[in-house]
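Student: coords please:
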Amino acid sequence: MRCGASAKMSRLWDSFRRASMLVGSVLVALFATIGASESAQRCRSKQPTYPVRMLHGLETQRFDDNTLVIYPGSAVDNTGCAILNVYRSIKVDIDRTGIGGRDNVVTPNDVRAGKDALQTNGFGGFNASYANGTFAGKPLGGWYYIVLAKERGEGASVEAILTRQQSSQRTDGAGSAGVPENFPYRRTLPISFYYDPQSGFRPMYCYGWPKSVCNWTRIKPSERYLIARSESATTPQTIDASKWVPGYGRILRLEIVLHAADQGGGAYVSTLVGTGGEFKAGYVNRAGDRSVLQLELATTSKQTFVIRTDPGVIAEIFAVGFSIEQPS
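Tutor: Numbers count the residues shown, from 1 in each chain. As a prediction, this is how the structure comes out:
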């Protein structure tokens, strides 16, 4: 009798333990579901779940003429709703379209610059590629930004895409990045690379990530980095530097070479005309003298700046690099 009672008690205890484990599992799943539901609800109500703008690692460099590489790291997406973890380096090839390449979407500025030069997409719009000439079929030249993108789901991997748009959040109109709709979690990285259809991505070296200072490495002849030549421009001239500093770069690094053609004098640069914020960009004492000066200058939101020179002074302005100092 004692053995039978003991066996019965043992069976009852096993049943109770299994029931307790089942209830525990249900409660864990329930709390997880509630937590996920609350997280989703917070994101739907635009209350971030994770630290907004968190970014660690993900340094990005030019790999070759047509390819960029993003190194491992983590970032919170642009809305604060998901963490994007990159465990292995990602490469993006501008010659491809779609994820792993470019979004092939033109900017409003591309269209305004000349529709005849753009390749049509068959739907009444344009691809971000040349229609004819030497570069027919090649991607449009200009600045390309990198967007990390992730699908929904716990096991979804993080991908990357190149875009000519500065924002990856707009998806429904002109100026929208062409990130596929099944990638709702996105993060625009704070870096930009200039693509030349003739020579590929312009070589540069960056440090100070994530607010990078980027220097052109000048593998090409220095003439390729000439922004403008100012010959005795006693009236302030507005210089377009949009090919040398990206949309949210704003800080342009310059090398100004002065030549005294007829007499001594100086050159003066500023962000805007008439603001009183001129910097002296070098001085030459007498005819035949030459002076070289490097400096950093904030450009306008359209990446322009102003220069003037004293009579008889010629200024050559070269691009040295830029700094990413604006939020991305």
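Student: every contact and neighbour count from this point should use C-alpha atoms.
Tutor: Will do.
Student: count residues in the vicinity of I219, would you?
Tutor: 10 (other CA atoms under 10 Å).
Student: then P184?
Tutor: P184 has 16 neighbours, counted by other CA under 10 Å.
Student: so which residues of this protein form helices?
Tutor: Secondary structure of the chain (DSSP state H): helices at 2-44, 108-113.
Student: what mean pLDDT does the first one get?
Tutor: Spelled out, it's helix 2-44. In this model, helix 2-44 has a mean pLDDT of 50.
Student: is A261 in contact with G288, as I believe?
Tutor: Yes - between A261 and G288 there is a contact under CA atoms under 8 Å: 6.1 Å.
Student: looking at the two, which one has more neighbours?
Tutor: Using other CA under 10 Å as the criterion, A261 and G288 rank with A261 on top: 19 against 13.
Student: show me the contacts for P197.
Tutor: P197 makes contact with 135, 138-141 under the criterion CA atoms under 8 Å, 6 or more residues apart in numbering.
Student: so how far is G247 from it?
Tutor: Between P197 and G247 the computed distance is 19 Å (CA to CA, to the nearest Å).
Student: repeat for P139
Tutor: P139 is 19 Å from G247, by CA to CA.
Student: R96 now?
Tutor: According to CA to CA, R96 and G247 sit 23 Å apart.
Student: what does T49 give?
Tutor: 29 Å.
Student: give me the beta-bridge partners of the closest residue to S157 other than its chain neighbours?
Tutor: The shortest distance from S157 to any non-neighbouring residue, by CA to CA, 6 or more residues apart in numbering, is to K150 (6.3 Å). When bridges are called by DSSP bridges, K150 pairs up with V158, Y185.
Student: with V284 instead?
Tutor: Using DSSP bridges, the bridge partners assigned to V284 are G265.
Student: tell me where the stretch 201-328 of the chain has strands.
Tutor: Along the stretch 201-328 of the chain, counting by DSSP state E, counting those that start in this stretch, strands occupy 204-207, 213-216, 226-231, 237-240, 250-260, 265-270, 279-284, 290-298, 304-309, 313-324.
Student: G249: how many residues sit nearby?
Tutor: For G249, using other CA under 10 Å, the count is 27.
Student: check contacts around the residue nearest to it when sequence neighbours are not counted.
Tutor: Leaving out its chain neighbours, the residue that sits closest to G249 by CA to CA, 6+ apart is I324, at 4.3 Å. Counting by CA under 8 Å, 6+ apart, I324 touches 190-191, 211-213, 248-251.
Student: just put the residues you listed in CSV and tack on pLDDT and distance to R224.
Tutor: Output for the contacts of I324, formatted as CSV (pLDDT from 0 to 100; distance: CA to CA, whole Å):
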residue, pLDDT, distance to R224
P190, 91, 25
I191, 93, 22
K211, 88, 26
S212, 90, 23
V213, 93, 20
Y248, 83, 23
G249, 85, 20
R250, 87, 21
I251, 92, 20
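Student: which of the residues you listed lies closest to V313?
Tutor: For the contacts of I324, the closest approach to V313 (CA to CA) belongs to I251, at 25.5 Å.
Student: that closest one is in contact with S323, isn't it?
Tutor: Yes - when contacts are counted by CA under 8 Å, I251 is listed as touching S323 (5.1 Å).
Student: rewinding a little: is the residue nearest to G249 bridged to anything, and to what?
Tutor: R250.
Student: separation between it and S192?
Tutor: Computed as CA to CA, the I324 to S192 distance reads 9 Å.
Student: next one: V273
Tutor: For V273, the distance to S192 - CA to CA - is 28 Å.
Student: which of those two has more residues huddled nearby?
Tutor: Per other CA under 10 Å, whichever of V273 and S192 has more neighbours is S192, with 26 against 16.
Student: can you show me the CA trace of stretch 149-158 as PDB?
Tutor: The C-alpha trace of stretch 149-158 is given here as PDB (Å, rounded to 0.1, in the frame of the first residue of the first chain):
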ATOM      1  CA  ALA A 149      17.000  48.700 -44.800                       C
ATOM      2  CA  LYS A 150      15.500  45.800 -43.000                       C
ATOM      3  CA  GLU A 151      12.300  43.800 -43.500                       C
ATOM      4  CA  ARG A 152       9.900  42.900 -40.700                       C
ATOM      5  CA  GLY A 153      10.600  39.700 -38.700                       C
ATOM      6  CA  GLU A 154      13.000  38.600 -36.100                       C
ATOM      7  CA  GLY A 155      15.400  36.900 -38.500                       C
ATOM      8  CA  ALA A 156      15.400  39.500 -41.200                       C
ATOM      9  CA  SER A 157      18.800  40.500 -42.300                       C
ATOM     10  CA  VAL A 158      19.900  44.100 -42.900                       C
END
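Student: buried residues, that stretch. List them.
Tutor: By neighbour count on 16 or more other CA atoms under 10 Å, the buried set for stretch 149-158 is 149-151, 158.
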